[in-house]
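**Student:** have a look at this prediction, sequence included:
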Amino acid sequence: MKKLLFSLLVFGSFMYSCSEKTNKSNLIRVGVFDGHGGAQTCIWETIEAVKIDTGMLVTAITSADIASGCLDTLDAIIIPGGGGSRQFLNLGYENHLKIKEFVKAGHGIVGICAGAYLLTNTPEYACLQMNGAQGIDIEHDNRGHGLAKFTLNEAGKKIFPELANRDTCFVYYYEGPVLVDAPDSITYKTFAVMQSDVHEEGDAPSNMTNNKPFFIGNTYGKGKVFSSIAHPEATPGMRWLIPRMVRWTLNKETITYPENCVRPDLFNKEILFTKEMLKKEASLYSVLLYGKEAEKKEALNYLQSTISWDAKRWVQGLLYDSSANIRVLAAEYISNSEFTHYFPDIQAAYNNEKDKEAKEKIGKALTFLKME
């Protein structure tokens, strides 16, 4: 396994109860929707991405929380990836109205992938009709995933000035919506354009995703809506885009994030999964379960080189593997992936480690996570 590539943010304890009173009135209060239809990994990663911004407090919120008046305690909400129609059903009609009134009153909402789909006005699709776009080619929603390339326009560079000098950027894409203008009165601005042609996994038509909106934003009443078809929260070096989107929806000043977090130069090429890559990825799950040490090492190297979506969760248990070398590789893998949700596991692995050399290496991964 190559050495740690990334150092991570301080693992802050910024979670707060939806009903909890706080004296930190200057902090931006963000709720991440945690309901049926939201993919668990997407929820975890979105919460962790918001924590990058030390000016924000973040909590997970459910449909029951929203129905009980939780939005009164928040400044902005995020709908993470998963399944937009299932999220729509889980929220229910009354909560749809509450969310719309929340944004109209001057608050913000960010939709990521399925969350962006939920905000569209797509015919024959369960959606909130809040961002002025519609999804097309719905029958091929399983078109594929991988590290996709996009370009920012001048409006987008003002939101993300850290990327202003880059011709092309890369963010993880996973079967996100293909957006075009919806026939309604909401006008949105495009901030970034998709440059990758994703189609192979689901036998989707080619030249469907490229040259379509990647990031869009619009006003909704007194509030703002930001929609991302891809997953910055799942992309090492780019997770900071999520809190920056939140700030845009609230007209908040742009603040600087740590250099160890803002790393757009980590990736310089597109990595889109093919059917063969999918088969190999699936086969490596058995290797991680039953393989010998050398086989597990080779599998981890491959999974990291392809930015595997699923592997970061498979690797968690390897922190407690019988091999000290594999325990180290797992800790480095999680750190390289910036998967800060597993910080407690690396802490536990460090505390339990008996091998002196392995403990030192796991400690380095832990230090990166804690910024010590």
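**Tutor:** Arrived safely, thanks for sending. None of the values given here were measured: they were computed from a predicted structure.
**Student:** show me where the stretch 201-350 of the chain has helices.
**Tutor:** Applying DSSP state H, counting those that start in this stretch to the stretch 201-350 of the chain gives helices spanning 241-249, 275-290, 293-305, 311-314, 324-336, 343-352.
**Student:** report the rounded mean pLDDT for the longest one.
**Tutor:** Averaged over helix 275-290, pLDDT sits at 96.
**Student:** residues making contact with that helix?
**Tutor:** 200-201, 273, 295-296, 298-300, 302-303, 306, 308, 310-311, 314-315, 318 (C-beta atoms under 8 Å, 6 or more residues apart in numbering). All C-beta spots, glycine's among them, are computed from the backbone N, C-alpha and C.
**Student:** export it as PDB, just CAs?
**Tutor:** Taking Å, rounded to 0.1, in the frame of the first residue of the first chain, the C-alpha atoms of helix 275-290 are listed here in PDB:
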ATOM      1  CA  LYS A 275     -18.500  -4.100 -16.600                       C
ATOM      2  CA  GLU A 276     -15.200  -6.000 -16.300                       C
ATOM      3  CA  MET A 277     -14.100  -3.600 -13.500                       C
ATOM      4  CA  LEU A 278     -17.300  -4.300 -11.700                       C
ATOM      5  CA  LYS A 279     -16.800  -8.100 -11.900                       C
ATOM      6  CA  LYS A 280     -13.200  -7.700 -10.600                       C
ATOM      7  CA  GLU A 281     -14.300  -5.400  -7.800                       C
ATOM      8  CA  ALA A 282     -17.000  -7.900  -6.700                       C
ATOM      9  CA  SER A 283     -14.500 -10.800  -6.800                       C
ATOM     10  CA  LEU A 284     -12.200  -8.900  -4.500                       C
ATOM     11  CA  TYR A 285     -14.700  -9.000  -1.700                       C
ATOM     12  CA  SER A 286     -14.100 -12.700  -1.300                       C
ATOM     13  CA  VAL A 287     -10.300 -12.000  -1.400                       C
ATOM     14  CA  LEU A 288     -10.700  -9.600   1.500                       C
ATOM     15  CA  LEU A 289     -12.700 -12.300   3.300                       C
ATOM     16  CA  TYR A 290     -10.700 -15.400   2.700                       C
END
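**Student:** list of residues touching stretch 337-352?
**Tutor:** Stretch 337-352 is contacted from outside by 6, 8-9, 11, 44-45, 47-48, 51, 236-237, 239, 304, 312, 316, 319-320, 327, 330-331, 334-335, 359, 362-363, 365-366, 369, using C-beta under 8 Å, 6+ apart.
**Student:** kindly write the PyMOL command that selects the buried subset of the contacts of helix 275-290.
**Tutor:** Selection command for PyMOL covering only the buried members of the contacts of helix 275-290, criterion 16 or more other C-beta atoms under 10 Å:
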select buried, resi 200+201+273+296+299+300+302+303+306+308+311+314+315+318
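**Student:** one step back: among the helices of the stretch 201-350 of the chain, which comes closest to G144?
**Tutor:** The closest of those to G144 is helix 275-290. By C-beta to C-beta, the value is 9.1 Å.
**Student:** and the direction of that closest one versus that of helix 324-336, what angle?
**Tutor:** Here helix 275-290 points in a direction 130 degrees away from that of helix 324-336 (axes from the mean of the first three to the mean of the last three C-alpha atoms, to 10 degrees).
**Student:** now do the same contact list for A164.
**Tutor:** 152, 157.
**Student:** make it 6 Å
**Tutor:** A164 makes contact with K157 under the criterion C-beta atoms under 6 Å, 6 or more residues apart in numbering.
**Student:** list the contacts for the residue most central in space within the chain?
**Tutor:** Centroid check for the chain by C-alpha atoms, centre = their mean gives E233 as the closest residue, at 2.5 Å. E233 makes contacts with 45-46, 49, 239, 242, as judged by C-beta under 6 Å, 6+ apart.
**Student:** try it again with 10 Å
**Tutor:** For E233, the contacting residues are 32, 41-50, 52, 78, 80-81, 112-113, 171-172, 239-243, 338, by C-beta atoms under 10 Å, 6 or more residues apart in numbering.
**Student:** now swap in T120 and tell me
**Tutor:** Contact analysis of T120 by C-beta under 10 Å, 6+ apart lists 84, 111, 127-135, 177, 179-180, 182, 184, 216, 227.
**Student:** just the buried members of these?
**Tutor:** Among the contacts of T120, those classed as buried by neighbour count (16+ other C-beta under 10 Å) are 84, 111, 127-135, 177, 179, 182, 216, 227.
**Student:** roughly how far does A105 sit from G111?
**Tutor:** A105 sits 18 Å away from G111, going by C-beta to C-beta, to the nearest Å.
**Student:** next one: P264
**Tutor:** Distance of P264 to G111, computed by C-beta to C-beta: 22 Å.
**Student:** if we can go back for a sec, sort out for me which of the contacts of T120 are in helices.
**Tutor:** G84 (DSSP state H).
**Student:** correct me, but L118 touches S85?
**Tutor:** Yes. Using C-beta atoms under 10 Å as the test, L118 is close enough to S85 to be in contact (8.0 Å).
**Student:** neighbour count for the two, which is higher?
**Tutor:** Counted by other C-beta atoms under 10 Å, L118 and S85 do not tie: L118 has more neighbours, with 33 against 16.
**Student:** which non-adjacent residue is nearest the more buried one?
**Tutor:** Leaving out its chain neighbours, the residue that sits closest to L118 by C-beta to C-beta, 6 or more residues apart in numbering is G84, at 3.9 Å.
**Student:** ok, which stretches of the protein are strands?
**Tutor:** For the chain, the strands defined by DSSP state E occupy 28-33, 56-61, 76-79, 108-112, 133-136, 145-152, 169-174, 178-181, 189-194, 213-220, 223-228, 271-272.
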